[in-house]
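Participant: Have a look; sequence and predicted model below, questions after that.
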Amino acid sequence: DFARKDVEVGESAPKELLLEKHADYIHAYEQKKDSYEYIMAEFLRMSGVYWCLTAMDLAKSLDRMNRADILQFIKESQTESGGFAASQGHDPHLLHTLCAVQILVMFDAVDEVSSDRIVEYVKARQNEDGSFGGDEWNEIDTRFSLCAVACLKLLNRLDAIDIPKATAYVLSCQNFDGGFGTRPGSESHSGQIYCCLGTLAILGELHRIDADRIGWWLCERQCASGGLNGRPEKLPDVCYSWWVLASLAIIGRLHWIDKVSMKRFILACQDDETGGFADRPGDMPDPFHTVFGLAGLSLLGEERLKPVNPVFCMPEDRLAPASIRVQLLN
Ligand SMILES: COc1ccc(S(=O)(=O)N2Cc3cc(-c4ccc(C=O)o4)ccc3N(Cc3cncn3C)C[C@H]2Cc2ccc(O)cc2)cc1
Ligand SMILES: [Zn+2]
């Protein structure tokens, strides 16, 4: 079968940022509590709230969200273990624990929960070899190394884990092509590279990697359409654009990408009817691709958006007060 290698950015695709439409789209998404999407999203509600809030904050519209309701939801989602679940009654997981802490930092409300119990939950996820399991079932993935160290960095508690072992484990996942995978020996993937570089940036260990080799592999992700894919021969996608752009920013190689065609691809993924971004031009928008479309445009210098931190995917001005700084290569 003829596998599509790229997408066409049609002449009729949006060419400028429809910022008000995106703020309205996100605001409406959180409001319709009875919709199918809202009920289905119960299994990822905490992450969904983080994606919606970060999109709104980047768009300088965080004040349109209901702070009190969201903080109430966060408190109800913390479990006995100290970790956070996707929503009340579900099991805790590192993915949702990081999202909860990111939301608390954006709302400057970290002291409204017990951060000691959060630290205990994250600490308990580290294995003997330095890797992290996502939850008590211990599925190991370099994504969870980033979740753990990002969470602890935001709480200023990196002292709680074995940093040399965490570093050694991430480096053991580097491949001959310069990329990183899920576990040692796994295939290189843009998302995993982002997680591993983010982890090393937070731990101050970026000098251990070969920036040119990884930079080259990342730039190879750019397709004729300007979009970036996650692996060779895959279709471009706006969320992979974020993983690649953020990774290039972390290693100081963002200027290696063709920014003009990249920006044109991201803008083409906007839905000019409903607002929001889809994974690629013409598909259905969702909050997940909306936040990564906006974050990618922010990294490309869109001045109507707040500057975004490439490691935390949060507005820089939310990290400054807590003096949270991470190493970046230049
Ligand atoms: C619609 O199908 C999915 C598939 C996977 C997931 S996921 O939670 O495992 N996840 C994040 C993700 C979310 C959405 C989405 C739709 C509506 C909302 C409401 O906020 O969010 C959509 C896709 C998606 N994926 C799947 C994906 C995106 N681009 C290509 N694919 C295959 C990513 C997936 C894994 C993930 C990535 C980052 C992250 O921080 C958390 C999870 C969610 C819905
Ligand atoms: Zn995607």
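Facilitator: Looks like it arrived, so ask away. Please read these numbers as outputs of a predicted model, since none were measured by experiment. Ligands and ions are numbered 1, 2, ... in the order given.
Participant: CA atoms for contacts and neighbours, from now on please.
Facilitator: Noted.
Participant: can you list the residues of this protein near ligand 1?
Facilitator: Leu44, Gly48, Cys239, Asp286, Pro287, Phe288 (Cα under 6 Å from any ligand atom).
Participant: just checking, the first one is part of a strand?
Facilitator: No - when the secondary structure is assigned by DSSP: H, G, I helix; E, B strand; the rest coil, Leu44 falls in helix instead of a strand.
Participant: Pull the contacting residues for it.
Facilitator: Contacts for Leu44 (Cα atoms under 8 Å, 6 or more residues apart in numbering) come out as Ala86, Ser87, His96.
Participant: now those in TSV, with pLDDT?
Facilitator: Output for these, formatted as TSV (pLDDT from 0 to 100):
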residue	pLDDT
Ala86	96
Ser87	94
His96	98
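Participant: So which of the residues you listed sit within helices?
Facilitator: If you go by DSSP state H, the contacts of Leu44 have His96 in helices.
Participant: Nearest to ligand 2 among the contacts of Leu44?
Facilitator: His96 (18.7 Å; Cα to the ion).
Participant: Burial check on the closest one, number of neighbours?
Facilitator: 26 (other Cα atoms under 10 Å).
Participant: do Lys259 as well
Facilitator: Number of residues near Lys259 (other Cα under 10 Å) recorded here: 16.
Participant: again, but for Trp137
Facilitator: Using other Cα under 10 Å, Trp137 has 9 other residues around it.
Participant: now Val308
Facilitator: Val308 has 25 nearby residues by other Cα under 10 Å.
Participant: what residues are up against it?
Facilitator: Leu58, Ala295, Ser298, Leu299, Met314, Pro315, Glu316.
Participant: would you turn those into a markdown table with secondary structure, pLDDT and neighbour count?
Facilitator: Shown next, in a markdown table, are the contacts of Val308 (DSSP: H, G, I helix; E, B strand; the rest coil; pLDDT from 0 to 100; neighbours: other Cα atoms under 10 Å):
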| residue | secondary structure | pLDDT | neighbour count |
| --- | --- | --- | --- |
| Leu58 | helix | 98 | 23 |
| Ala295 | helix | 98 | 31 |
| Ser298 | helix | 98 | 21 |
| Leu299 | helix | 98 | 20 |
| Met314 | strand | 98 | 25 |
| Pro315 | strand | 98 | 23 |
| Glu316 | helix | 97 | 17 |
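Participant: Can you name the residue of the stretch 201-330 of the chain nearest ligand 2?
Facilitator: Residue nearest to ligand 2 within the stretch 201-330 of the chain: Cys239 (4.2 Å; Cα to the ion).
Participant: Could I get the contacting residues of Ser81?
Facilitator: Residues near Ser81 by Cα under 8 Å, 6+ apart: Pro92, Arg117, Ile118, Tyr121.
Participant: Taking those residues together, which two end up most distant?
Facilitator: Greatest spacing in the contacts of Ser81, by Cα to Cα: Pro92 and Arg117 (12.5 Å).
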